[in-house]
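A.B. asks: Provided below for reference: sequence and predicted model.
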Amino acid sequence: MKTKCTLFLLPFFGLVTLSAQTVQDSAAVKIDSVALKQVIIETAEKTKPAEVLTASQMEALQKDALQKQQEAEKMKAEAEKLAEKLAKEQRALEKEQKRFEKEQKRIASAEKSLIRQKEKLNDAKEDLEKMKSKLEKNKRKGKLTDIEIEKENIKISKQEIKIRELQQDIDKSEKKVNKLRN
């Protein structure tokens, strides 16, 4: 709004400032009437006569001012559109970056889970080997009865089932990780 008023009123204030421009010489000192007359003459020489504008010149100035105002408004609107477009692109980039970071977190979490499952599988396999070696050792010494041997075999079978289930979980996790990576 300020630019509208400024550009619209510019020709009118230009006329006012052009109408009476007087420059006073501060070096001249008013001592007596002769010096005063000299100062008046010097200031009269320095004043410019006011330019009188005709109606057609006024219309031309107003049209020019209006045209410049419209161009300024158009440029301002284009700048606002560009700023809005850039802000929208920035938001889209930030959204894409957050999505990418979230995806990376998912992949890292799935990989971490896969590592834990593999560790459990290795522990289960070690436990199975310990069970088998303990059973064989006790069989050789003859410390176990047939019922105790069957109980140990059942424990070993349960451990083998647990290992198979862990292996299936690992396979599923590996597929999930590969899917997330691609």
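C.D. replies: Happy to help now that I have it.
A.B. asks: Could you measure from residue 42 over to residue 152?
C.D. replies: According to CB to CB, to the nearest Å, residue 42 and residue 152 sit 127 Å apart. No exception for glycine: its C-beta is placed from N, CA and C like everyone else's.
A.B. asks: buried residues in the one helix or strand residue 157 maps to?
C.D. replies: In this structure, residue 157 sits in helix 146-181 according to DSSP states H and E. Across helix 146-181, burial judged by 16 or more other CB atoms under 10 Å covers 152, 156, 159, 163, 166, 169-170, 173, 176-177.
A.B. asks: again with stretch 130-148
C.D. replies: 131, 135.
A.B. asks: which residues touch that stretch?
C.D. replies: Residues outside stretch 130-148 that contact it (CB atoms under 8 Å, 6 or more residues apart in numbering): 149, 152-153, 155-156, 159.
A.B. asks: Tell me what angle the longest helix seen in the chain forms with helix 146-181.
C.D. replies: Ordering each helix of the chain by length in residues (DSSP state H) puts helix 55-141 first. Computed by axes from the mean of the first three to the mean of the last three CA atoms, to 10 degrees, the angle separating helix 55-141 from helix 146-181 equals 160 degrees.
A.B. asks: Any stretches of this protein with poor pLDDT?
C.D. replies: 1-37, 39, 44-51 (pLDDT under 70).
A.B. asks: change it to 80
C.D. replies: Where the chain drops to pLDDT under 80, the residues are 1-53.
A.B. asks: For residue 91, see how far away residue 43 is.
C.D. replies: From residue 43 over to residue 91 (counting by CB to CB), the distance is 64 Å.
A.B. asks: Kindly apply the preceding question to residue 174 instead.
C.D. replies: 36 Å.
A.B. asks: And residue 62, by the same measure?
C.D. replies: Distance from residue 62 to residue 91, counting by CB to CB: 43 Å.
A.B. asks: what do you get for residue 159?
C.D. replies: 55 Å.
A.B. asks: do residue 128 as well
C.D. replies: Residue 128 is 55 Å from residue 91, by CB to CB.
A.B. asks: Right, I'll call it a day here.
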